[in-house]
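Undergrad: Provided below are the primary sequence and the corresponding predicted coordinates.
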Amino acid sequence: MPVATSLNAGFMVVHGNRLDELRSLVVSWMRRYPLAPLENEIALVQSNGIAQWLKLALAEDARDDDLGGCGIAAAVDVQLPGSFMWQLYRVVLGSEQIPATSLLDKAPLTWRLMRLLPALIDQPHFEPLQRFLTHDSDLRKRYQLSERLADLFDQYQVYRADWLEDWAAGRHQLRNARGESPALSPANCWQAELWRALLLDVGEEGMSQSRAGVHQRFMDKINSLEQAPPGLPARVIVFGISSLPAQALEALAGLSRFSQVLLCVHNPCRHHWSDIVADKDLLRHQYKRQARKAGMPAALDLDILHQHAHPLLAAWGKQGRDYINLLDSYDDPNSYRAAFRDGRIDLFSEVQPLNQLNQLQDDILELRPLSETRELWPAVDLDQDQSIRFQVAHSAQREVEILHDQLLARFAKYPQLQPRDVIVMVPDIDSYAPHIRAVFGQIERDDRRFIPYTLADQGQRGRDPLLIAIEHLLKLPDSRFPVSEILDLLDVPALRARFNVQERDLPTLHRWIEGAGIRWGLNAEQRAGLGLPAHLEQNSWRFGLRRMLLGYAVGSAEACDGIEPYDEIGGLDAVLIGPLVALLDALEIAHQELSLPALPGQWGERLQALVQLFFQAETEHDDYLLAQLEELRETWLETCELVGLQDELPLTVVREAWLAGLDQGKLSQRFLAGAVNF
């Protein structure tokens with residue numbers, strides 16, 4: 001625990017094998033050395049879950065020991081590392097020199113590539129891209145490729161700025177850690193050519209705004225400063241991040257000249273284990289934060305590395321190995337050892353090996369190879385030891401059913417175990433979400449088997465009714481207008497509010513729609529667009545609406561002009577005909593408008609009109625979602641204008657571009673909300 005007497009600037013790294021103990025250290029540090037009033041703590045995390053978990057610890061009641069919280073989690077600015085680094089660059093270099101968004105960020109790069117690719121793919125070296133973009137009439141392939149390439153070059157700017165520097169200078173090579181520079185293979189030379197084309201397009205101003213270029217200017221500036229520029233944070237805490245790029249660590253090390261930087265590193269092993277990972281290209285250096293395990297030879301034969309390591313570290317530890325090696329380049333424990341009680345910086349805690357899971361954790365902590373593990377631990381009684389279990393299931397649905405049964409058994413056996421204590425990790429939350437809802441959501445809240453749950457990391461598009469309705473509307477040109485789809489739209493309160501339909505009116509509308517014989521299709525023209533014969537209007541929405549209106553006008557009279565009246569409409573309920581007509585008129589307008597390609601500016605007007613035509617906010621949440629959609633629309637238009645995109649775009653591309661921002665993770669998402677978290 002910390003014992004320093006002042007908030008000194010410096011770069012401190014604390015390793016620990018238990019994340020909860022590292023969290024306690026962070027809370028204790030913030031309690032003992034609070035910042036000045038009105039000054040925010042800066043905490044860098046990699047996910048919303050870690051952010052909420054840290055805030056919960058801060059909000060716990062204060063205690064006399066170091067285990068309590070601060071009583072409140074206020075004035076804590078939790079950020080993602082990437083956004084913080086760019087803000088830091090702007091503070092040091094000046095906001096007038098560094099824009100809020102770089103021309104070479106992922107979003108501008110995506111649309112710049114959308115504009116450039118058609119002219120580039122016919123040039124030499126671009127044959128791989130040309131082959132991919134064949135048969136791309138709806139531009140979907142070009143958009144997907146542009147997005148993937150933008151992400152690739154964005155990662156290059158952070159992790160491999162040296163490659164981009166060589167490519168910009170015309171050198172088709174890839175530098176490596178050993179100082180070698182092998183040539184790019186002919187199949188990959190298009191990457192260097194494409195990067196040069198991007199730099200030529202953005203010009204000198206854009207080149208200076210690349211992350212690599214801005215980072216180098218930042219390092220030159222901060223290392224030459226004598227005094228801290230205004231706006232630098234007093235303290236930055238990095239918590240729960242499994243890996244940071246070299247650029248970020250270098251920037252934090254530069255910041256530590258004027259601010260206190262505390263990195264908490266979750267490290268499963270107390271010994272130096274980077275040489276243990278079974279990798280032929282080991283990055284060796286003289287300094288190591290952790291000492292070698294006693295009895296381990298100084299030089300290890302690459303062919304017998306597995307004999308001196310735990311196999312899980314060898315199999316899954318490459319990222320941790322590289323990160324710890326990278327930290328060693330910036331870490332000097334002797335410069336801050338006195339700030340910690342008894343000079344103990346790292347928080348490696350031993351666990352009592354009561355079960356198989358504890359034994360596994362202890363083996364990794366002590367870097368035991370399998371041969372030593374077999375000699376140390378007694379045989380495990382699998383009938384009694386339930387700490388590690390493997391369940392084989394034939395489908396995702398069955399997996400979730402088994403999980404539900406297992407949780408019920410655990411809650412019954414251990415009354416102190418609560419749903420909020422359970423986190424379930426799945427490879428793809430969107431693919432598992434329907435199965436989770438089908439199993440966990442089918443049980444009523446007053447049932448003993450009910451388990452509260454939340455889908456924490458799922459994008460908004462797949463779960464919010466208003467956004468689902470927006471996506472349905474944006475697919476109208478390809479829709480058959482089935483009854484079920486239109487009725488689903490009427491289940492959205494914000495859409496009902498726009499057309500003045502109450503929830504109690506829905507059963508009546510359902511009865512009318514079924515009785516009038518409506519099945520699918522907006523009208524004969526819309527059906528003809530799907531390849532059906534012309535004038536085929538039977539059982540379409542317009543056909544059914546004419547039956548309703550005729551029935552209201554003449555009752556149960558004879559057929560008129562081939563239309564049989566539907567005579568169930570009358571009395572006060574007849575007022576619902578108006579909203580239904582208005583909805584069908586709006587759907588017809590949207591179908592016509594969305595079917596034609598348009599310039600980005602025209603799409604911006606169409607999307608705004610679509611929202612205004614179909615939705616009226618009923619709740620604060622609706623207001624928030626509609627404001628978010630408007631913000632995404634404006635951001636997309638600004639990006640297209642920034643990169644000079646003046647190509648006509650189809651709906652398929654615009655729809656994905658507009659709604660994709662809803663699925664981007666944010667630190668404000670709900671998490672750890674007192675339920676089982678998926």
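TA: Thanks, I have it. Numbers count the residues shown, from 1 in each chain.
Undergrad: quick one: which helix or strand includes residue 14?
TA: Using DSSP states H and E, residue 14 falls within strand 10-16.
Undergrad: helices and strands around that strand, which ones?
TA: For strand 10-16, the packing partners by 3 or more Cβ pairs under 8 Å, 6 or more residues apart in numbering; DSSP states H and E come out as helix 19-32, strand 260-266. To be clear about C-beta, it is placed using only N, CA and C from the backbone, and glycine gets the same treatment.
Undergrad: which one of those lies closest to residue 220?
TA: For the helices and strands packed on strand 10-16, proximity to residue 220 was assessed by Cβ to Cβ; strand 260-266 is nearest, at 19.3 Å.
Undergrad: helices or strands next to the closest one in the packing?
TA: Against strand 260-266 (3+ Cβ pairs under 8 Å, 6+ apart) you get strand 10-16, helix 19-32, strand 235-238, helix 246-255, helix 318-328.
Undergrad: near residue 500, how many other residues are there?
TA: 13 (other Cβ atoms under 10 Å).
Undergrad: kindly apply the preceding question to residue 653 instead.
TA: Count around residue 653 with other Cβ under 10 Å applied: 20.
Undergrad: tally of neighbours for the closest residue to residue 117 other than its chain neighbours?
TA: Setting aside the residues directly before and after it, residue 117 is nearest to residue 142 in space (Cβ to Cβ, 6 or more residues apart in numbering), at 5.9 Å. Per other Cβ under 10 Å, the neighbour tally for residue 142 reads 20.
Undergrad: now do residue 101
TA: Residue 101: 15 neighbours (other Cβ under 10 Å).
Undergrad: need the contact list for it.
TA: Shown in contact with residue 101 (Cβ atoms under 8 Å, 6 or more residues apart in numbering): 107, 108.
Undergrad: can I get the helices and strands packed on strand 260-266 in JSON lines including mean pLDDT and mean neighbour count?
TA: Supplementary listing: the helices and strands packed on strand 260-266 in JSON lines, determined by pLDDT from 0 to 100; neighbours: other Cβ atoms under 10 Å:
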{"stretch": "strand 10-16", "mean pLDDT": "90", "mean neighbour count": "22"}
{"stretch": "helix 19-32", "mean pLDDT": "89", "mean neighbour count": "19"}
{"stretch": "strand 235-238", "mean pLDDT": "94", "mean neighbour count": "22"}
{"stretch": "helix 246-255", "mean pLDDT": "92", "mean neighbour count": "21"}
{"stretch": "helix 318-328", "mean pLDDT": "80", "mean neighbour count": "18"}
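Undergrad: next, the angle from the strand holding residue 14 to helix 19-32.
TA: Counting by axes from the mean of the first three to the mean of the last three Cα atoms, to 10 degrees, strand 10-16 lies at 150 degrees to helix 19-32.
Undergrad: which residues touch strand 10-16?
TA: Outside of strand 10-16, the residues within contact range by Cβ under 8 Å, 6+ apart are 22, 25, 252-253, 256, 260-267, 289-290, 327, 330-333, 335-336, 339, 345-349.
Undergrad: surely residue 658 touches residue 632?
TA: Yes. Under the contact definition of Cβ atoms under 8 Å, residue 658 touches residue 632, with a separation of 6.0 Å.
Undergrad: now the strand holding residue 14: how far from the chain's centre is it?
TA: 27 Å (Cα atoms, centre = their mean, to the nearest Å).
Undergrad: out of the helices and strands packed on strand 260-266, nearest to residue 621?
TA: Closest approach to residue 621 among these is made by helix 19-32 (31.2 Å; Cβ to Cβ).
Undergrad: select only the buried ones of the contacts of strand 10-16 in PyMOL?
TA: Of these, the buried ones can be selected in PyMOL as follows, counting by 16 or more other Cβ atoms under 10 Å:
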select buried, resi 22+25+252+253+256+260+261+262+263+264+265+267+289+290+327+330+331+336+339+345+346+347+348
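Undergrad: so the nearest residue to residue 367 once chain neighbours are set aside: helix, strand or coil?
TA: Nearest residue to residue 367, sequence neighbours excluded (Cβ to Cβ, 6+ apart): residue 271, at 4.6 Å. At residue 271 the chain is in coil, as set by DSSP: H, G, I helix; E, B strand; the rest coil.
Undergrad: and the closest residue to residue 71 other than its chain neighbours, how close does it get to residue 138?
TA: Spatial nearest neighbour of residue 71, excluding adjacent residues (Cβ to Cβ, 6+ apart): residue 62 at 5.0 Å. Distance, residue 62 to residue 138, using Cβ to Cβ, to the nearest Å: 60 Å.
Undergrad: do the same with residue 83
TA: From residue 83 to residue 138 the distance is 33 Å (Cβ to Cβ).
Undergrad: more neighbours, those two?
TA: Between residue 83 and residue 138, residue 138 has the larger neighbour count (other Cβ under 10 Å), namely 14 against 11.
Undergrad: neighbours around the residue nearest to residue 71, how many?
TA: Other residues close to residue 62 by other Cβ under 10 Å number 12.
Undergrad: list the residues that contact it.
TA: By Cβ under 8 Å, 6+ apart, the residues touching residue 62 are 31, 68, 69, 70, 71.
Undergrad: okay, who's weakest in the residues you listed by pLDDT?
TA: In terms of pLDDT, residue 68 ranks lowest among these, with 72.
Undergrad: that one: what's it in contact with?
TA: Residue 68 sits in contact with 27, 31, 60, 61, 62, where contact means Cβ under 8 Å, 6+ apart.
Undergrad: which non-adjacent residue is nearest the first one?
TA: With sequence-adjacent residues excluded and distances taken as Cβ to Cβ, 6+ apart, residue 27 is closest to residue 57, at 5.1 Å.
Undergrad: for that neighbour, give its distance to residue 68.
TA: For residue 57, the distance to residue 68 (Cβ to Cβ) stands at 9 Å.
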